[in-house]
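Need a 3D model of the following:
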Amino acid sequence: MMTNPVFDALEPRAVWRHFATLCAIPRPSKHEGALLRHLRHWAGTRGIAARTDAAGNLLLAKPATPGRENAPGVILQGHVDMVCERAPGAPNHDFHRDAILPEAEDGWLVARHTTLGADNGIGVALALAAAEDAELPHGPLEILLTVDEEAGMGGAHGLEAGSLRGRFLLNLDTEEWGVFYLGCAGGVAIEADFGPRAAAMPLPPDMREIYRLQLDGLIGGHSGIDIHQPRAHAIRQMLALLLRLGAENDVYLLRLQGGTVFNALPRSAFADLALTSAQYAGLSMSLARHLQDLRREYPQETPTLTLTPSPESAPADRALAAATWRPLLQSILALPFGVAAMSRDFPGVAETSNNLSPLRLEPDDCRCSLLLRAQDDAARDALAERVERQIRASGGVARREGAYPGWKPDPASPLLQQAQDVYRQTFGHAPRLEVIHAGLECGLFAHSHPQLAMLSFGPDIRGAHAPGERVDIASVGHCWQFLRRLLTALSTP
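Here you go, the predicted structure:
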């Protein structure tokens, strides 16, 4: 298998060799089969027991180092799928066929035009490196590699109770080195269907010129970890802009699209509009004012707004007049958005939130997705009920999908105490303890395997779920050093 030569200079080589493989074999959510077949073959050549469960997860098992058979079993866990995002205008990249091609830059490994897949490929690479390390003392060792985490946690949902025998689980899906995560948010997706709009009509004869209004250049980011950051949201910005334009002109709307996946803050959106020549001239000035306001409100971003002839042909007999699409867009814009509450126990961490993405609107169809997160399951469900009521009041249909529980912290965990000791002895200071406003799979593992004590850690990753995602090379080395010492300590008689 050909891999990128950038990996040849990276240490620790045992970890980066595996991550190179993960970059070389495509692994979008729900399409991890080629990688899993490769890993099963890899395990078989090393005498590591491997099996695939009914959900598609890969479970590896390695006996304890001689003399450490009675140590508590440890499970190393990560998910093999990745979020697939490409920068607008970047070279074409097919995430189902093409390898990720990262570059080293100022101590970071970065994918310049796509997501990198360090989330959670680095965690998987750490686990695989530990499994094949012949010099690493350890107790009974299991490796759980889940599928479909980024698109609904299908693998964790499908893990059968009793599949794991170990006592301790180390989740390797944290994105800030020096931080131990003790808990995470639960979540639920809501699919909203507003159906066809009965008032769709043929375009007026003087409105045959179709223009695409395009918003690009936003930062985006993780829809949980970054939801409290002052970042522009492409869909909400486009909705607000269209409502402003529609209040001034009887603009006809043919289609509106924004966002790609529900767990990423949308970076771009577009709308195809039918305009008269006079409307086109007036809108150009309105766009300049809106762009100026947008840049003033979000100075850290570089948004662009363009109004150009649409690259797609217009359906000549179906369009929405402003009187029809404005109430619909107002209803969507009024849905609860962003942070509903901040955590009282962990400063700077969201407690409850909602993200809108993606959105698709055409005359005969209007759908959008929302991802709600909360540290408390009751708060999650209360917010979901509120969102559903508003969708139904606007004439839509709401459907919940893929609810998963949060993971409640256990500050008295013996695993946490030992991990803190090892970290302090290794690096000379204590780690930070946090909860994360994201959906780690630990909540589902706690439900199916209540005997587990769990802890999550990982290297520094920036820009997860967005093009330009990067991982700090040195922090991967620190993770590897800590993981080896922790496994040794947990198995020491």
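
Can you verify my assumption that residue 442 contacts residue 457?
No - at 11.9 Å, residue 442 does not count as touching residue 457 under the criterion of CB atoms under 8 Å. The C-beta positions use only the backbone N, C-alpha and C, and glycine is treated the same way.

Got the domain ranges for the chain?
Taking automatic domain parsing as the reference, the chain has its domains at 5-184+406-491, 188-404.

what pLDDT does residue 3 get?
pLDDT for residue 3: 68.

Would you mind measuring from residue 366 to residue 359?
8 Å (CB to CB, to the nearest Å).

Identify the residues contacting the residue lying closest to residue 250 once chain neighbours are set aside.
Closest residue in space to residue 250, ignoring its immediate chain neighbours: residue 322 at 5.1 Å, by CB to CB, 6 or more residues apart in numbering. When contacts are counted by CB atoms under 8 Å, 6 or more residues apart in numbering, residue 322 touches 246, 249, 250, 251, 252, 253.

Do you have the strands of the stretch 101-250 of the chain handy? List them.
Applying DSSP state E, counting those that start in this stretch to the stretch 101-250 of the chain gives strands spanning 103-105, 108-110, 141-146, 168-171, 179-184, 186-193, 209-216, 221-222.

residue ranges of the helices in the stretch 351-493 of the chain, please?
377-393, 414-427, 442-448, 473-491 (DSSP state H, counting those that start in this stretch).

My read is that residue 386 contacts residue 336, right?
Yes - counting by CB under 8 Å, residue 386 touches residue 336, with 6.3 Å between them.

Okay, now the unreliable bits of the stretch 51-200 of the chain?
In the predicted model, the stretch 51-200 of the chain carries pLDDT under 70 at residues 197-198.

switch to 80 and redo it
Residue ranges of the stretch 51-200 of the chain with pLDDT under 80: 88-90, 196-200.

Kindly list the longest helix within this structure.
Ranked by residue count under DSSP state H, the longest helix found in the chain is helix 277-297.

name the helices or strands packed onto it?
The contact analysis (3 or more CB pairs under 8 Å, 6 or more residues apart in numbering; DSSP states H and E) places helix 277-297 against strand 209-216, helix 234-248, strand 304-309.

avg pLDDT for that helix?
88.

Buried ones in it, by neighbour count?
Judged by neighbour count (16 or more other CB atoms under 10 Å), helix 277-297 contains these buried residues: 279, 283, 286, 287, 290, 291, 294, 295.

next one: stretch 126-144
126-133, 136-144.

For residue 170, list the residues it contacts.
74, 75, 76, 77, 454, 455, 456, 457, 483, 486 are the contacts of residue 170 under CB under 8 Å, 6+ apart.

mind redoing it with 6 Å?
76, 455 (CB atoms under 6 Å, 6 or more residues apart in numbering).

Could you give the bridge partners of it?
With DSSP bridges applied, residue 170 shows beta-bridge pairing to residue 76, residue 455.

pLDDT averaged over the top strand by length along the chain - what is it?
As assigned by DSSP state E, the longest strand anywhere in the chain is strand 350-362. For strand 350-362, the mean per-residue pLDDT is 96.

Neighbours of residue 31, how many?
Per other CB atoms under 10 Å, the neighbour tally for residue 31 reads 15.

now do residue 341
Applying other CB under 10 Å, I find that residue 341 has 14 neighbouring residues.

what about it, which SS state?
strand (DSSP: H, G, I helix; E, B strand; the rest coil).

For the most centrally placed residue in the chain, which non-adjacent residue is closest in space?
Nearest to the mean C-alpha position of the chain, counting by CA atoms, centre = their mean, stands residue 263 at 4.4 Å. The shortest distance from residue 263 to any non-neighbouring residue, by CB to CB, 6+ apart, is to residue 223 (5.0 Å).

who's in contact with the nearest residue to residue 178 once chain neighbours are set aside?
In this structure, residue 178 finds its nearest non-sequential neighbour in residue 431, 5.6 Å apart by CB to CB, 6+ apart. Applying CB under 6 Å, 6+ apart to residue 431 gives the contacts 178, 180, 423.

circling back to that earlier point, with respect to pLDDT, which of the contacts of residue 322 ranks lowest?
Per-residue pLDDT puts residue 249 lowest of those, at 81.

can you pull the contacts of it?
Going by CB under 6 Å, 6+ apart, the list of residues near residue 249 reads residue 279.

any idea how far residue 279 is from it?
5 Å.

Beta-bridge partners for the closest residue to residue 155 other than its chain neighbours, please?
The shortest distance from residue 155 to any non-neighbouring residue, by CB to CB, 6+ apart, is to residue 146 (3.4 Å). Assessed by DSSP bridges, residue 146 has beta-bridge partners residue 79.

Could you check how many residues crowd around residue 146?
30.

what's the answer for residue 388, then?
Residues near residue 388, counting by other CB under 10 Å: 18.

who's in contact with it?
For residue 388, counting by CB under 6 Å, 6+ apart, the contacting residues are residue 398.

Next, find the distance separating it from residue 448.
27 Å.

I'd assumed residue 79 was in contact with residue 150.
No - taking contacts as CB atoms under 6 Å, residue 150 lies outside contact range of residue 79: 7.3 Å.

more crowded one of the two?
residue 79 (29 against 25).

Hmm, that one is touching residue 121, no?
No - taking contacts as CB under 6 Å, residue 79 lies outside contact range of residue 121: 9.2 Å.

which residues touch residue 110?
103, 470.

Contacts made by stretch 403-411 with the rest, please.
153, 182-188, 375, 377, 442-444, 446-447.

Out of the residues you listed, which two sit at the greatest distance?
Using CB to CB, the contacts of stretch 403-411 span at most 22.0 Å, a distance reached by 182 and 188.

With adjacent residues omitted, what lies nearest to residue 379?
Here the residue nearest residue 379, using CB to CB, 6+ apart, is residue 352, at 4.9 Å.

do the same with residue 461
residue 175 (3.9 Å).

What is the neighbour count of that neighbour?
Quick note: residue 175 (other CB under 10 Å) scores 27 neighbours.

Please apply the same query to residue 262.
25.

how near is it to residue 139?
39 Å.

Next: residue 366.
Applying CB to CB to residue 366 and residue 139 gives a distance of 55 Å.

Pull the number of nearby residues for residue 107.
10.

Please name the residues that touch it.
Here residue 107 is in contact with residue 473 (CB under 6 Å, 6+ apart).

what do you get if the cut-off is 8 Å, keeping everything else the same?
Per CB under 8 Å, 6+ apart, neighbours of residue 107: 472, 473, 474.

Equivalent analysis for residue 492, please.
Counting by CB under 8 Å, 6+ apart, the residues that residue 492 touches are 68, 71, 137.

if you set the cut-off to 10 Å instead, what comes out?
Listed by CB atoms under 10 Å, 6 or more residues apart in numbering, the contact set of residue 492 reads 68, 71, 137, 139, 418.

ditto for residue 209
Contacts of residue 209 (CB under 10 Å, 6+ apart): 203, 273, 274, 275, 276, 277, 279, 280, 309, 310, 314.

All set, thanks.
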